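1. Sequence first, predicted model second:
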Amino acid sequence: MTEKFQKAANALDLDEGVLPSCAHLEIFGNRRVLLDGNCEINECGEDLLVLTVGKTTFRFRGRELCLAAFDRQSAVLEGRLSSIEFE
Amino acid sequence: MFITDWVRRAQTSVRFKAEGGDPARLLRRLREADVELWQLRGFDGGFFAWCDADDYKRLPPLVRHTGMRVRIVKKQGLPVRLARYKGRWGIPAGLAVAAAVFCLVCPRSWVIEMQSEDLKAPLSPALQADITAFLEQNGVTVGAKKRGVPSTEIRLTAPAKIEGVGALSVNLSGCVAHVTVMPRVAYEKTRVKAAALSNLVAARDGVVRKCEITGGKRVCLVGEAVTKGTLLATGVVDTEAGPLLKRATGRVLAETEHVLTVRVPLAETVERPAGRTVKRYTLSAFGLSAPLFTPLKTDGWQVSKTTRAVKLFGRDLPLSVTAETAREQIAVTTTRTKAQAKAEAKRRADKQVAEAFAGAEVLSRADTVTTDNSGVTLTVTCKILEDIAVEVPAERR
């Protein structure tokens, strides 16, 4: 179903963000990240945060990491980021 | 963010610590239960997070079976701060009293400030008393509600109802009613504009003895008998180039006749001070008066009152102190002989003549004394040389 949506989005020249279960990430320097989507926390620590949005898992590494806001639809991550990994 | 922060400060929120067990499982459960968390910080084996107090109450069934221990480490919010004062009834009672006083005091005027617009003509105490009585009739008193004061009606009717007032306006500002008064200027002393046309007319009947016209054209003759209103000098001067319009100015000295009557009874009862004086003070605040003295009968005493408002930085406060001075009077009956009554009548007549004709020359004086069983009547007929010219504006035609 997701592949059909993707083909339809490409054919209509639409942004990939319209696809359901697609994470929307906004990064502000290395201090703040806005994450839109159905977020799930897999791991949380002071230097590692692992969030899953749909089929994508994000690993945020850094120092003094904290989730400034977290609910079903979005999450705001703050801290000193050193890297972001996508799986 | 700013508004969200302040909304959260108004509500009760708690910071809790969750440790042991499976943090990821708990977070998943919290997310599914729509529990909003913020400032979530992880550490080895657990995490700290903030949530609403209502959401925290929903935690126990969610925490169950995750093996985690959850406890509150901090509370914040307006209800938490106010709980500190629980049982202190004085604070809410004081706030309630302050609110009630504010609601009672603010819609009313508590100070009436009266001032004259003409700095050279301050208001006399008699005029102030008349104005105060007029304002009281129209609902402007200490403690009266500001809404409903007929400012327009007061402004329109005051000149007709109060003698001595040319214009009067009431402006309500805060709890002060500012009364601005323009005193009425006597007709004879009305200043005529320098460029206006005016004539000199006679203020009373008399015989013209001397004319000193400094502006305009003289119309009257020396030796002419004039009546009140007779034209003495005109501002219209005929010249070769045509009529010239100017102000008529000058002095016209005329011989006028005045009659004064003084009566002195043979037996007269007057009140004289007995020597005893009592001072009493009354404190007034917000329209209420509190006497600072014990009651004392002062019937027949001569009483005078002076009220002084308490000032702060030059502004009147709704507090005043009234000092009442009461002087005991005794009735003293004076009996005179006819000769003594005549002498007293002459003394009083001399005083009246001196006061009434202070700026004029008394040409002649004839005193007529009439005596009867009860007293002496002295009639003084004076011929006075005085200035009878008064300037009045004239209309151009």
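-> That came in fine, so what should we check first? Since we're looking at a predicted model, the values are computed, not measured. Numbering: from 1, shown residues only, chains lettered A, B, ... in the order given.
2. From B:V278, how far off is B:S284?
-> Separation of B:S284 from B:V278 (C-beta to C-beta, to the nearest Å) stands at 19 Å. (Each C-beta comes from the backbone N, C-alpha and C, glycine too.)
3. Give me the more crowded residue out of those two.
-> Comparing B:S284 with B:V278 by neighbour count (other C-beta atoms under 10 Å in any protein chain shown), the higher total belongs to B:S284, at 17 against 14.
4. can you tell me the helix or strand for that one?
-> Per DSSP states H and E, B:S284 falls inside strand B:267-285.
5. Quick check: neighbours of that strand in the sheet, parallel or antiparallel?
-> Using DSSP bridges, the strands paired with strand B:267-285 in its sheet are strand B:288-291 (antiparallel), strand B:315-335 (antiparallel).
6. Tell me the first helix or strand C-terminal of the shortest one.
-> Which is strand B:288-291. Going down the chain from strand B:288-291, the next helix or strand is strand B:302-312, by DSSP H and E.
7. List the pairing partners of that following strand within its sheet, with orientation.
-> Sheet pairing of strand B:302-312 (DSSP bridges) gives strand B:315-335 (antiparallel).
8. Keeping just the C-alphas, turn the strand it pairs with into PDB.
-> The C-alpha atoms that make up strand B:315-335 are tabulated as PDB, following Å, rounded to 0.1, in the frame of the first residue of the first chain:
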ATOM      1  CA  ARG B 315      -3.900  67.000  46.300                       C
ATOM      2  CA  ASP B 316      -6.900  66.900  48.600                       C
ATOM      3  CA  LEU B 317      -7.700  63.500  50.200                       C
ATOM      4  CA  PRO B 318     -11.200  62.500  51.100                       C
ATOM      5  CA  LEU B 319     -10.300  63.200  54.700                       C
ATOM      6  CA  SER B 320     -10.900  66.500  56.400                       C
ATOM      7  CA  VAL B 321     -10.800  68.000  59.900                       C
ATOM      8  CA  THR B 322     -13.500  70.500  60.900                       C
ATOM      9  CA  ALA B 323     -12.600  72.900  63.700                       C
ATOM     10  CA  GLU B 324     -15.600  74.300  65.400                       C
ATOM     11  CA  THR B 325     -15.100  77.300  67.700                       C
ATOM     12  CA  ALA B 326     -18.100  78.100  70.000                       C
ATOM     13  CA  ARG B 327     -18.100  81.300  72.000                       C
ATOM     14  CA  GLU B 328     -20.600  81.800  74.700                       C
ATOM     15  CA  GLN B 329     -22.700  84.900  74.300                       C
ATOM     16  CA  ILE B 330     -24.700  86.800  76.800                       C
ATOM     17  CA  ALA B 331     -27.400  89.200  76.100                       C
ATOM     18  CA  VAL B 332     -26.500  92.700  77.200                       C
ATOM     19  CA  THR B 333     -29.200  95.300  77.200                       C
ATOM     20  CA  THR B 334     -27.900  98.800  76.600                       C
ATOM     21  CA  THR B 335     -30.100 101.700  77.600                       C
END
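9. quick check: mean pLDDT across it?
-> Mean pLDDT, strand B:315-335: 84.
10. Now find how far off-centre the following helix or strand past it is within its chain.
-> Counting by DSSP H and E, the next helix or strand C-terminal to strand B:315-335 is helix B:338-356. Relative to its parent chain, helix B:338-356 has a centroid offset of 42 Å by C-alpha atoms, centre = their mean, to the nearest Å.
11. buried residues in the helix or strand that helix B:338-356 is followed by?
-> Downstream of helix B:338-356, the first helix or strand assigned by DSSP H and E is strand B:361-371. Within strand B:361-371, the residues that count as buried by 16 or more other C-beta atoms under 10 Å in any protein chain shown are B:D367.
12. Residues contacting strand B:361-371, please?
-> Strand B:361-371 is contacted from outside by B:255, B:338, B:341-342, B:345-346, B:349, B:353, B:376-386, using C-beta atoms under 8 Å, 6 or more residues apart in numbering or on different chains.
13. Let me know the angle separating the very next helix or strand once past that strand from helix B:338-356.
-> Per DSSP H and E, the first helix or strand lying C-terminal to strand B:361-371 is strand B:375-387. On the basis of axes from the mean of the first three to the mean of the last three C-alpha atoms, to 10 degrees, strand B:375-387 is oriented at 20 degrees to helix B:338-356.
14. which parts of strand B:375-387 are buried?
-> Buried residues in strand B:375-387 (16+ other C-beta under 10 Å): B:375-380, B:382-386.
15. what's the most buried one of the strands paired with strand B:267-285?
-> Highest mean neighbour count among the strands paired with strand B:267-285 (mean count of other C-beta atoms under 10 Å in any protein chain shown): strand B:315-335, with a mean of 14.
16. Please enumerate the strands of chain A.
-> Secondary structure of chain A (DSSP state E): strands at A:24-28, A:32-36, A:39-44, A:48-53, A:56-70, A:74-86.
17. With respect to chain A, which of the buried residues of strand B:375-387 is nearest?
-> Nearest to chain A out of these is B:E386 (C-beta to the nearest C-beta; 96.9 Å).
18. which residues touch the residue nearest to B:A53 when sequence neighbours are not counted?
-> Closest residue in space to B:A53, ignoring its immediate chain neighbours: B:T12 at 4.0 Å, by C-beta to C-beta, 6 or more residues apart in numbering or on different chains. Contacts here follow C-beta under 8 Å, 6+ apart; on that basis B:T12 touches B:52-53, B:75-80.
19. Inside strands: which ones of the residues you listed?
-> Reading strands off the contacts of B:T12 with DSSP E, I get B:52, B:75-76.
20. Counting neighbours, which of these comes out on top?
-> Within the ones in strands among the contacts of B:T12, neighbour counts (other C-beta under 10 Å) peak at B:D52, which reaches 18 neighbours.
21. Report the beta-bridge partners for the closest residue to that one other than its chain neighbours.
-> When the adjacent residues along the chain are set aside, B:D52 lies closest to B:S13, with 5.5 Å between them (C-beta to C-beta, 6+ apart). Note on B:S13: beta-bridge partners by DSSP bridges are B:D52, B:Q76.
22. so who does the residue nearest the centre of chain A touch?
-> Closest to where the C-alpha atoms of chain A average out (C-alpha atoms, centre = their mean) is A:L35, at 4.5 Å. Contact partners of A:L35, counting by C-beta under 8 Å, 6+ apart, are A:23-26, A:51, A:53, A:58, A:74-77.
23. same question, B:R147
-> Contacts for B:R147 (C-beta under 8 Å, 6+ apart) come out as B:P107.
24. Just give the nearest non-adjacent residue to B:L27, would you?
-> Using C-beta to C-beta, 6+ apart and skipping the chain neighbours, the partner closest in space to B:L27 is A:I41 (4.2 Å).
25. Report the secondary structure state of B:L156.
-> Under DSSP: H, G, I helix; E, B strand; the rest coil, B:L156 falls in the helix class.
26. Quick one: neighbours of it, just the number.
-> Using other C-beta under 10 Å, B:L156 has 11 neighbouring residues.
27. how close does it get to B:A167?
-> Taken as C-beta to C-beta, the span from B:L156 to B:A167 is 10 Å.
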